[in-house]
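> Mind looking at a prediction? Sequence and model below.
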Amino acid sequence: MRRAALLLPIALITACAGAPAPQHGPVAPLPPSPSAARAQPAPAAAQPVTAPEGLSSVLRVADPLRSWTHITQLVASTPAGAMLLVAGPMGPEMLLEQALGPALADVVDLGKPIDVAWFGITESASRVVFSLSVAEQEVPRLHDLFVLREHRGMLRVESARDEEPDEEPDEKAPPLVCAFEPGDRRGSARLLCAQGAEELDAAAPYLVKVVGREPIEADARIEVTEWALREIVKSEADADDDDGHAGALGEELSGALLRDLESVSMDLRWGRAEVDVGFSVRFAGRRSPLTLALAPVVAPDAAPPPAFLRLPGDTAIGFYTQGASRAELTPLREGLLRALRDDWLDDGYDAATLDRVIQRLDTLALAGGPLVMGVGGDRAAADRAIAAYQASKGAARAQKAARRAMQSWILVAVEEPAETWIPAVKELLLLGDELDRRKASPQAAGGAGAPSGAPEGRARKDEESEHTTHAIVRAPAALPAGTLHVELRSRPLTKGAPPAHTTHLYVVPAGQRTWFGLGDDDAAVVARLRIAVDAGRDERTLGAAPGLEALRQPGTLAGGVFSLAGLALVAARGDTKETIEEAAEELAKLAGLPSRGEVPIPIAVTSEVLGSGAARVTARARLPMAAIHDAFALGSR
């Protein structure tokens, strides 16, 4: 029955898929140097300035002083942070002075943008170049303050004129190499510093002529380059030892996605009562199956699916997606089903039966269209059951009760009538039984005569830890007529497997929509399904919850809401004594937070397909200050 239990989640889950722009004014060139060393105009670049080799990321901070103020306020909101600030407050001016020395720090304007370029992707090989704004009133005095030498259109800083020689230089911290770039317009002069002259020369043109001229729409923004993404994915692929068909498909899909990928960026915007964080992925094209699925075409007036707002109000993690079209999902669907069939065939399952399974899944999985999912649990019940388990010193009955209390309920909605899904679920259950009956022995699957490419001994490694059977039983009268109720009854086969339990699956008709409910607590699942399908229970739905206005934004591809407590509750499993103790520890930490980790955090995702074929997907999370305070407090424990 293992395959029958696997087929249902596969079918359900895959049912679808400020700084202003610079002002142009009179150019204020640097004054002539009193010495022979004098800045000369840099020759016009013959080629456009491009990112230097090995550049992994660029950080931009629009107003360092403003961001420092906000960060200090956040840190001070936690007891540990408040003690740290009282013990030794340090401002950005002091940090800058320690890094550059008093003379250079004095000419930097911390109210204007700072840019930081990183080279390399490992900590040991990482090299950093800073580009800082020079205070406009200090520009005419630079030759008076420093000994400067012209070098590649910049003014290399030899020393400060009033600097005394260091009698005991620090060999562990070599001095930074710094240079002034005059800029081509008023107020655009920059101070660039690096640990080596080579990095400074390589990064300076790009930081000044490309990065420095771009407007900053956020308070802070970091962008990871295409080169770094390729290196990271390559290192992950080298460490992947999955030799199955699904593993090979994963490598193929990730490689194709990487060829489409152009950059990844994250930005931050400070608000009065929240912090807005954005994560954006830009694709040069939509050629790979994953890119087509992740960056579909979305109508500008697309609204969140109505089913999302019908989720229960106590949903711990809620999510919706408009979904890509069936045509956009076809390459991904075909590849996944092919790999699934090949892996199951290698495991010894009957080819003819597998073909019928794949044919049925092809009509259901990744079919396109909206998908809604909600997950939740009873935190109070979990706390009580864990306390009883600990008081009983791990008694078997208390362990089983604690596991049951920690199991989540899951609701899924698709915009298709139940007449399509109920027969399909019944057929998949029967096909799962047939697959189990016709499965070859482990020796036959991994020995002589096994299909070509089957990993030897694979069936033995995939030994089941529990056995599951199913039964179709009467649905409660509280649910709409025609509801399908399936009990999935599991018993342990190996030591350390979950205790015997029954999981309830419901397929509920709701007009042209179908709701699915899944969970071990039958009463909890039924209660949430009633909220979703009963129009008379609107006040108990997610649509009536406050603070989710961002999720109603038109034109979004996807959206959702979660909380720190919700993530911890859903992650708690309780299948073993060890996992119960881990869950007890995590829930105890949440109980001591200022808002108990229960502040909802909304996320909205947009997808933009450009005329050139490029695409951009952006996810934005609005973090209320109360949630940030909880996160800081949790991190300090």
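That came through fine.
> switch to C-alpha atoms for all contacts and neighbour counts from now on
Will do.
> where in the stretch 151-300 of the chain is pLDDT low?
Scanning the stretch 151-300 of the chain for pLDDT under 70 picks out the ranges 163-174, 235-243.
> Can you identify each of the strands in it by residue range?
For the stretch 151-300 of the chain, applying DSSP state E, counting those that start in this stretch gives strands covering 154-160, 177-181, 190-194, 220-224, 261-270, 274-283.
> would you list those in a markdown table and tack on distance to Gly348 and mean neighbour count?
Converted to a markdown table, the strands of the stretch 151-300 of the chain look like this (distance: least, CA to CA, whole Å; neighbours: other CA atoms under 10 Å):
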| stretch | distance to Gly348 | mean neighbour count |
| --- | --- | --- |
| strand 154-160 | 69 | 20 |
| strand 177-181 | 65 | 24 |
| strand 190-194 | 60 | 26 |
| strand 220-224 | 44 | 20 |
| strand 261-270 | 38 | 20 |
| strand 274-283 | 40 | 19 |
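> and those strands as a markdown table, adding distance to Val139?
As requested, the strands of the stretch 151-300 of the chain are arranged in a markdown table below (distance: least, CA to CA, whole Å):
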| stretch | distance to Val139 |
| --- | --- |
| strand 154-160 | 12 |
| strand 177-181 | 10 |
| strand 190-194 | 10 |
| strand 220-224 | 26 |
| strand 261-270 | 30 |
| strand 274-283 | 35 |
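> nearest to Thr502, of the ones you listed?
The closest of these to Thr502 is strand 274-283. By CA to CA, the value is 39.8 Å.
> Which strands border that closest one, and is each parallel or antiparallel?
Take DSSP bridges as the rule and strand 274-283 pairs in its sheet with strand 261-270 (antiparallel), strand 615-624 (antiparallel).
> So what touches that strand?
Residues external to strand 274-283 that are found in contact with it (CA atoms under 8 Å, 6 or more residues apart in numbering): 260-270, 291, 614-625.
> same check, this time on stretch 579-591
So stretch 579-591 is contacted by 383, 386, 402-403, 565, 568-569, 572-574, 596-597, 634, 637 (CA under 8 Å, 6+ apart).
> can you check stretch 516-530 too?
Contacts for stretch 516-530 (CA under 8 Å, 6+ apart): 311-312, 404, 407-413, 478-479, 501-508, 515.
> Just put the strands paired with strand 274-283 in TSV and tack on distance to Thr363.
Output for these, formatted as TSV (distance: least, CA to CA, whole Å):
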stretch	distance to Thr363
strand 261-270	30
strand 615-624	28
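> And those: which comes nearest Pro370?
That would be, of the strands paired with strand 274-283 and by CA to CA, strand 615-624, which comes in at 17.3 Å.
> so how far is the closest one from its chain's centroid?
10 Å (CA atoms, centre = their mean, to the nearest Å).
> Over to stretch 316-330?
Offset of stretch 316-330 from its chain centre (CA atoms, centre = their mean): 17 Å.
> One more: stretch 523-535?
With CA atoms, centre = their mean as the basis, stretch 523-535 stands 30 Å off its chain's centre.
> What segments of the stretch 451-600 of the chain are helices?
According to DSSP state H, counting those that start in this stretch, the stretch 451-600 of the chain carries its helices in the segments 458-461, 522-533, 564-571, 577-591.
> hmm, back to that, to Leu132, which of the strands of the stretch 151-300 of the chain lies closest?
Between those, strand 190-194 lies closest to Leu132; by CA to CA that is 5.1 Å.
> Could you check the angle the closest one makes with strand 177-181?
With axes from the mean of the first three to the mean of the last three CA atoms, to 10 degrees defining the directions, strand 190-194 sits at 160 degrees from strand 177-181.
> can you give me the angle strand 190-194 makes with strand 154-160?
Orientation check (the same axes, to 10 degrees): strand 190-194 against strand 154-160 gives 70 degrees.
> who does strand 190-194 touch, helix- and strand-wise?
strand 127-133, strand 177-181, helix 197-209 (3 or more CA pairs under 8 Å, 6 or more residues apart in numbering; DSSP states H and E).
> can I get the CA coordinates of it in CSV?
C-alpha atoms of strand 190-194 as CSV (Å, rounded to 0.1, in the frame of the first residue of the first chain):
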residue,chain,number,x,y,z
ARG,A,190,33.8,58.4,-4.5
LEU,A,191,36.3,57.0,-2.2
LEU,A,192,37.2,53.4,-3.1
CYS,A,193,39.1,51.1,-0.7
ALA,A,194,40.3,47.5,-0.9
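> what are the bridge partners for the spatially most central residue of the chain, then?
Nearest to the geometric centre of the chain sits Phe279, at 7.9 Å (CA atoms, centre = their mean). On the basis of DSSP bridges, Phe279 takes part in beta bridges with Met266, Ala619.
> low pLDDT regions in the chain?
Across the chain, the ranges flagged by pLDDT under 70 are 1-47, 77-90, 123-125, 163-174, 235-243, 441-463.
> how about the helices and strands packed on strand 190-194 in a markdown table, adding distance to Val605?
What follows is the helices and strands packed on strand 190-194, written out as a markdown table (distance: least, CA to CA, whole Å):
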| stretch | distance to Val605 |
| --- | --- |
| strand 127-133 | 32 |
| strand 177-181 | 39 |
| helix 197-209 | 30 |
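> Enumerate every residue touching Met266.
Applying CA under 8 Å, 6+ apart, the residues near Met266 are 221-223, 277-280.
> is it true that Val599 touches Leu567?
No - between Val599 and Leu567 there is no contact, the gap being 11.6 Å when judged by CA atoms under 8 Å.
> who has more neighbours, those two?
Counted by other CA atoms under 10 Å, Val599 and Leu567 do not tie: Val599 has more neighbours, with 21 against 16.
> Now that one: phi and psi?
The phi/psi pair for Val599 (degrees, to the nearest 10) reads phi -70, psi 120.
> Just list the residues touching it, thanks.
Residues near Val599 by CA under 8 Å, 6+ apart: 563-564, 624, 626-627.
> still on that earlier bit, are any of the contacts of stretch 579-591 buried, and which?
Buried members of those, counted by 16 or more other CA atoms under 10 Å: 383, 386, 402-403, 565, 568-569, 572-574, 596-597, 634.
> I'd like the distance between Gly376 and Ile603.
Counting by CA to CA, to the nearest Å, the separation of Gly376 from Ile603 is 17 Å.
> An error on my part: the question was meant for Ala396.
Counting by CA to CA, the gap from Ala396 to Ile603 is 41 Å.
> how about the helices of the stretch 1-150 of the chain, start to end?
2-13, 64-76, 79-87, 92-100, 102-106, 142-145.
> Mind giving me the packing neighbours of the helix or strand where Ala387 lies?
Assigned by DSSP states H and E, Ala387 belongs to helix 379-391. The contact analysis (3+ CA pairs under 8 Å, 6+ apart) places helix 379-391 against helix 396-406, helix 577-591.
> Please, where are all the helices along the stretch 251-400 of the chain?
Counting by DSSP H, counting those that start in this stretch, the segments of the stretch 251-400 of the chain that form helices are 289-294, 306-309, 326-346, 351-364, 379-391, 396-406.
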